[in-house]
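Undergrad: Predicted structure and sequence below. I'll ask about it afterward.
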Amino acid sequence: MPIDDSTATWLTREDAHLLTPADAGYPALLREIPSPPPQLFVRGNVDALSLPQLAIVGSRNATPSGAETAQSFASHLAARGFCITSGLAEGIDAAAHRGALAARGRTVAVCGTGPDIVYPRQHAALAEEIIASGGAIVSEFAPGTPVLRANFPRRNRLVSGLARGVLVVEATLSSGSLITARLAAEQGREVFAIPGSIHSPFSKGGHRLIRDGAKLVETAQDILDEP
């Protein structure tokens, strides 16, 4: 596979890695999905990609209660051995990453940009903390790839593809988290959803998932009890 100059320069970083499906470090679960990415650009600990993973996703405009729930679930599950996977976005994603870090666990952030571009920019320190804690930043997009709206749905299939299951904490009916949940179901992954108030728009996405067959969870133990 030819490597352009920007990628070659990026790979000179001590924490930078390029994986293809032929490499032993390429995540086995990702090989199973339709059209697995032909390349993964990884910053940090490559081995984190092969740990048992649980994806936690939800609204960027999370409520304080939703963010607290995501962080609590992530902390509990990370302490029990799960690597927490999410998309480094504002709201639920960031809370999930921080919950894993608070438990001194591992977390993987899947980006919709090149691995050298943190989006949103205010999460630059969070990205560095993920790497320093033994986690990883991963992208299928080459270094230098800017923020492009079309790349985020593609990113979502990797969030679900890396994980054994996906937990949706808060989501409106238009949330990209529902795309992640749909992709997870198509990939044969478990889909979990936390219910909420019937009056809140942030509950409607999760309620739809539950009606469509997602497993209702009230505690992290509900996930751990799954075979």
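TA: Happy to help now that I have it.

Undergrad: now the residue most central in space within the chain: how far from Pro21?
TA: Residue closest to the mean C-alpha point of the chain, counted by C-alpha atoms, centre = their mean, is Ser86 at 2.1 Å. For Ser86, the distance to Pro21 equals 23 Å [C-beta to C-beta, to the nearest Å]. Where C-beta positions appear, they are placed from N, C-alpha and C, glycine not excepted.

Undergrad: Same question for Ala193.
TA: To Pro21, Ala193 is 31 Å away according to C-beta to C-beta.

Undergrad: These two: who's more crowded?
TA: Applying other C-beta atoms under 10 Å to Ala193 and Pro21 shows that Ala193 carries more neighbours, namely 28 against 13.

Undergrad: pretty sure the more buried one contacts Leu209?
TA: Yes. The criterion here is C-beta atoms under 8 Å, and Ala193 meets it with Leu209 at 4.4 Å.

Undergrad: so who does the closest residue to Leu40 other than its chain neighbours touch?
TA: In space, and not counting its chain neighbours, Leu40 is closest to Leu19: 4.4 Å by C-beta to C-beta, 6 or more residues apart in numbering. Leu19 makes contact with Gly25, Tyr26, Gln39, Leu40, Val42, Val46, Leu49 under the criterion C-beta atoms under 8 Å, 6 or more residues apart in numbering.

Undergrad: Leu19 and His123, how far apart?
TA: For Leu19, the distance to His123 (C-beta to C-beta) stands at 23 Å.

Undergrad: Kindly report the same for Tyr26.
TA: Counting by C-beta to C-beta, the gap from Tyr26 to His123 is 26 Å.

Undergrad: Going by residue numbers, what spans are strands in this protein?
TA: Per DSSP state E, the chain carries strands over the ranges 16-19, 40-44, 53-57, 83-86, 107-110, 136-139, 165-168, 190-193, 215-216.

Undergrad: which secondary element of this structure has the worst mean pLDDT?
TA: helix 5-10 (a mean of 85; mean pLDDT, DSSP states H and E).

Undergrad: Kindly state the pLDDT recorded for the spatially closest residue to Leu178 that is not a sequence neighbour?
TA: The shortest distance from Leu178 to any non-neighbouring residue, by C-beta to C-beta, 6+ apart, is to Gly205 (5.3 Å). For Gly205, the model assigns a pLDDT of 96.

Undergrad: Hmm, Gly205 is touching Val168, no?
TA: Yes. Using C-beta under 8 Å, Gly205 is in contact with Val168, at 6.7 Å.

Undergrad: Neighbour count for the two, which is higher?
TA: Each of Gly205 and Val168 has its neighbours counted (other C-beta under 10 Å); Val168 has more, 29 against 25.

Undergrad: mind checking how far the more buried one is from Gly134?
TA: The gap separating Val168 from Gly134 is 26 Å, by C-beta to C-beta.
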